[in-house]
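Asker: Provide a 3D model corresponding to the input given below.
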Amino acid sequence: MSKLGCICGHTISDSTDCLPYKVRFYSDVDDVDLYEKIMEGFRTFLQAVLENRRKEWLLEQGFTVTSRKTDKYTVFLMSRD
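Answerer: Now for the predicted structure:
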């Protein structure tokens, strides 16, 4: 469990996992590597879609494949890493 202090004096507690709106903080020193990793994921995903290998790519990356999962949702999940 982590806690952050707000400038207003309130303490923000984090006691949950796997929430779609959960925030993550990264050091600005690490942001270039993080963005490169995310962009590489986007590039390989889009290439797989263009080559009609979407399902195979999702399985290779550890995603579950369902008929309800949209490409928009997949991109959202990739951007959370």
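
Asker: and residue 73, how many neighbours does it have?
Answerer: 13 (other C-beta atoms under 10 Å). The way it works is simple: take the backbone N, C-alpha and C, and place the C-beta from them, glycine included.

Asker: Check which residues of the helix or strand it falls within are buried.
Answerer: Element membership for residue 73, per DSSP states H and E: helix 71-79. For helix 71-79, the neighbour count (16 or more other C-beta atoms under 10 Å) marks 74, 78 as buried.

Asker: Repeat that for stretch 63-72.
Answerer: Here stretch 63-72 shows residue 63 as buried, counting by 16+ other C-beta under 10 Å.

Asker: where do the strands sit along the chain?
Answerer: Using DSSP state E, the strands found in the chain span residues 2-5, 11-14.

Asker: ok, residue 74 touching residue 42?
Answerer: No - taking C-beta atoms under 8 Å as the definition, residue 74 is not a contact partner of residue 42, at 10.0 Å.

Asker: what number of residues lie near residue 57?
Answerer: Residue 57, neighbours per other C-beta under 10 Å, totals 19.

Asker: show me the contacts for it.
Answerer: Contact partners of residue 57, counting by C-beta atoms under 8 Å, 6 or more residues apart in numbering, are 44-45, 48-49.
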